[in-house]
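# sequence and predicted structure, then a few things I'm wondering about:
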Amino acid sequence: MDEDELDINYNRNSGTVGRLLKTDGGLSFDADYVGLLNSAGNRLYPDIKACFWTATQNGDKYSWSRIIDKTKDGIDRLPNSKEFKLSVRCVKAAEAEEAQPEKPKEVRPDKPSRPKTR
């Protein structure tokens with residue numbers, strides 16, 4: 001999928017991409033169709049849509065989301081209120097690598113500790 005296709009809003013009809021992310025789609029990523037919660041706490045689209053945040057904002061009150069619909073093979077790109085609750089946030093691989101915490105440094109005591117005896 002090229003950069004221009006990634007930026008198309010709403011139903012992108014992106015062919016097999018959405019199908020591959022569905023249960024048993026072949027990528028070992030099984031989209032869970034839990035829908036989302038709106039700002040009033042109402043559950044929308046349960047058992048129909050899997051909704052994921054992206055790291056891209058759309059103004060002060062909205063961020064972009066990706067939606068996998070059980071009935072379509074494409075992936076939708078929609079702005080959603082930041083007050084909504086979606087399943088997870090998707091990040092680009094480069095951003096994910098930057099966000100990885102540093103591995104803790106190995107600490108070695110000057111003298112090996114021995115168990116206390118009574």
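Now that the structure is in, tell me what you want to look at.
# Asn58 reaches Trp64, doesn't it?
Yes. Assessed by Cβ atoms under 8 Å, Asn58 is found in contact with Trp64 at 5.5 Å. Bear in mind the C-beta positions are built from the backbone N, C-alpha and C, glycine included.
# higher neighbour count, those two?
The residue with more neighbours, out of Asn58 and Trp64 and counting by other Cβ atoms under 10 Å, is Trp64; that gives 18 against 15.
# still on that earlier bit, what do Asn58 and Trp64 both touch?
Contact criterion Cβ atoms under 8 Å, 6 or more residues apart in numbering; residues shared by Asn58 and Trp64: Pro79.
# okay, helices next: where are they in this structure?
3-6, 16-21, 93-99 (DSSP state H).
# wait, Asp69 sits on Gly18?
Yes. Taking Cβ under 8 Å as the definition, Asp69 is a contact partner of Gly18 at 7.2 Å.
# between these two, who's got more neighbours?
Gly18 (23 against 19).
# could you check how far the more buried one is from Ala31?
Spatial separation of Gly18 from Ala31 under the definition Cβ to Cβ, to the nearest Å is 8 Å.
# again with Lys61
The gap separating Lys61 from Ala31 is 26 Å, by Cβ to Cβ.
# quick one, which of the two is more surrounded?
A side-by-side neighbour count of Lys61 and Ala31, using other Cβ under 10 Å, places Ala31 first with 22 against 11.
# apart from its neighbours in sequence, what residue is nearest that one?
Residue nearest to Ala31 in three dimensions, not counting chain neighbours: Ala50, with 3.8 Å by Cβ to Cβ, 6 or more residues apart in numbering.
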